[in-house]
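Asks: Structure of the sequence below:
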Amino acid sequence: MMSQYGFYFDMTSCIGCRTCQVSCKDKNDLKVGTIFRRVKAFETGSYPQPGIFHYSSTCNHCESPKCVEGCPTQALHKLENGIVDHDKTKCIGCRYCTWSCPYGVPQFIEELGQISKCNMCKDLIEKGENPVCVDACPMRALEWGELEDLKAKHGDSVSELPLLPVSSVTKPALLIKAKNIAKQKGFREKEI
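Replies: From the prediction side, this is the model:
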């Protein structure tokens, strides 16, 4: 049976500092406008009781990735450990993956004429290290590992939230300890 690495995100601990986003951008030497891990702030309710929550997102390394399904050259493919990886030598820049992914993860890099995306820092994982976003988080709101181990450790964490596509479509390798306000509809993205 193939293993499946995944992420765990503790929304109740995230303060929206974007350190995970910056560390990822730095490690991958990404230019302005390209972000593999993105932190967004959302607001619910209204004065005098508004609520704010943060969501840190990246590739969910889905069990049934639509980006892989939509890639005609197999540049996007799943590794034995469940990571959805990208082979630059096969990518023709057709962007089918960008249209197929319901999470909007693959990004077209104009100067390369190809897409790129999070690969869960597979080079660091192969050396026994954590992805940079995990180590960078000052609140320890991010973890990674075998999805089954994360489920055993964190129990009934969700992957269904109103701000996300329905998980049954791709089966994201993602667990979220959500704030109660994030489970409600009627939120709006807050520019910070």
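Asks: Now the closest residue in space to residue 34 that isn't next to it in sequence, what are its backbone angles?
Replies: In this structure, residue 34 finds its nearest non-sequential neighbour in residue 107, 5.5 Å apart by Cβ to Cβ, 6 or more residues apart in numbering. Backbone N, C-alpha and C define where each C-beta goes, glycine included. Main-chain dihedrals, residue 107, degrees, to the nearest 10: phi -120, psi 130.
Asks: those helices in the protein, which residues are they?
Replies: 19-27, 66-70, 96-100, 122-126, 132-136, 147-154 (DSSP state H).
Asks: Please name whichever of the ones you listed is nearest to residue 50.
Replies: Minimum separation from residue 50 across the helices of the chain (Cβ to Cβ) falls at helix 19-27, 23.4 Å.
Asks: can you pull the buried residues of the closest one?
Replies: By neighbour count on 16 or more other Cβ atoms under 10 Å, the buried set for helix 19-27 is 19, 20, 21, 22, 23, 24, 25, 27.
Asks: got a markdown table for those, with distance to residue 143 and pLDDT too?
Replies: What follows is these, written out as a markdown table (distance: Cβ to Cβ, whole Å; pLDDT from 0 to 100):
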| residue | distance to residue 143 | pLDDT |
| --- | --- | --- |
| 19 | 15 | 98 |
| 20 | 12 | 98 |
| 21 | 17 | 98 |
| 22 | 19 | 98 |
| 23 | 15 | 98 |
| 24 | 15 | 98 |
| 25 | 20 | 97 |
| 27 | 18 | 97 |
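Asks: and which of these is nearest to residue 62?
Replies: When these are compared against residue 62 (criterion: Cβ to Cβ), the nearest one is residue 24, at 18.7 Å.
Asks: The closest residue to residue 171 other than its chain neighbours: what's it in contact with?
Replies: The shortest distance from residue 171 to any non-neighbouring residue, by Cβ to Cβ, 6+ apart, is to residue 63 (3.8 Å). Neighbour list for residue 63: 4, 82, 170, 171, 172, 173 [criterion: Cβ atoms under 8 Å, 6 or more residues apart in numbering].
Asks: What about the last one, how many residues nearby?
Replies: With neighbours defined by other Cβ atoms under 10 Å, the count for residue 173 comes to 25.
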